[in-house]
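Engineer: missing the sequence, but the structure's below:
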């Protein structure tokens, strides 16, 4: 059974940092691209970062480019999202997903972790 578990969310002040983790099990982690998505209240889910299966290619949405960094550790079956210079508009539930070839429509999803950026 494939399982993705996110952690590392919480409450942080504007300008602060958080590192999210996504631990995968039940799949061959090194064969999957990993994506981070977020959904704020009343908004659609937004893809914000992804990394290829070999970790050689990354993508960032303009809204997080230069502030967030995605990475992966194959030995630990874990992906990370380092989030710096957080803004109130980054407040959302953050999800990780694993998919072949970044085909997110057929991805495995985690249950999400809440990130709240507030003074």
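Structural biologist: Noted; the coordinates are in hand. Keep in mind it's a predicted model, so treat the numbers as computed, not measured. Numbers count the residues shown, from 1 in each chain.

Engineer: Quick check: bridge partners of residue 92?
Structural biologist: residue 115 (DSSP bridges).

Engineer: List the residues that contact it.
Structural biologist: 38, 39, 40, 43, 46, 114, 115 (CB atoms under 8 Å, 6 or more residues apart in numbering). Every C-beta, even on glycine, is put in place using the N, C-alpha and C of the backbone.

Engineer: and what of residue 102?
Structural biologist: For residue 102, the contacting residues are 33, 35, 50, 52, taking CB under 8 Å, 6+ apart as the criterion.

Engineer: Near the second one, how many residues? Count them for me, please.
Structural biologist: Under the neighbour criterion other CB atoms under 10 Å, residue 35 is assigned a count of 24.

Engineer: Just the element for it, please.
Structural biologist: Assignment of secondary structure by DSSP states H and E places residue 35 within strand 33-39.

Engineer: buried residues in that strand?
Structural biologist: Applying a neighbour-count criterion of 16 or more other CB atoms under 10 Å, one finds 33, 34, 35, 36, 37, 38 buried in strand 33-39.

Engineer: do the same with stretch 40-52
Structural biologist: Of the residues in stretch 40-52, those buried by neighbour count under the rule 16+ other CB under 10 Å are 45, 47, 48, 49, 50, 51.

Engineer: Just the ones of these in strands?
Structural biologist: The strands, defined by DSSP state E, take in 47, 48, 49, 50, 51 from the buried residues of stretch 40-52.

Engineer: Please name the nearest non-neighbouring residue to residue 37.
Structural biologist: Leaving out its chain neighbours, the residue that sits closest to residue 37 by CB to CB, 6 or more residues apart in numbering is residue 95, at 4.7 Å.
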